[in-house]
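# need the 3D shape of this:
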Amino acid sequence: MNVGSECVFESIVAKIFETAGYSVNQNVKLQHRSGDIDIVAEKDNKRYCVEVKYLQLYERAVERIYLTGKTFEMTPAVVVGSKIDERKRSYYLEKYPDLILIDITNKMKIKKPFGPF
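Just a heads-up that it's a prediction; the model follows:
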């Protein structure tokens, strides 16, 4: 993986949120053992914790952002720069209710609940 590409992609995703009127904080450090949040986006009193992955998505990352969202009363979301296999997509959405999962195939079409996509 190219760490530079991952950082650039994360910055692009953050900029999309900002352009759509969200307040954005990147690389939010948590005192909780769950680690950091790539992006916290907030608009209209609704907060999202967003995990950004440039190429591959692993369940450990999905589970972590989901649990972080639930712990800190945020809606968990994952944005991936590649296509997520339909079986994996179905699996994640069934196992992690309320998870918003955006990949290259749908990030340009989604209007709700994320205005920027």
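
# where does this protein dip in pLDDT?
By pLDDT under 70, the low-scoring segments of the chain are 1-4, 32-34, 107-117.

# how about the strands in it?
Taking DSSP state E as the criterion, the chain carries its strands at 23-28, 37-43, 46-53, 75-80, 100-102.

# and the first one, what other elements does it pack with?
Applying 3 or more Cβ pairs under 8 Å, 6 or more residues apart in numbering; DSSP states H and E, one finds that strand 23-28 contacts helix 3-19, strand 37-43. Quick note: C-beta positions are derived from backbone N, CA and C, even for glycine.

# partners of the shortest one, with directions?
With DSSP bridges as the test, strand 37-43 is paired with strand 23-28 (antiparallel), strand 46-53 (antiparallel).

# check those strands for me and report the most buried one.
Counting by mean count of other Cβ atoms under 10 Å, strand 46-53 has the highest mean neighbour count of the strands paired with strand 37-43, with a mean of 21.
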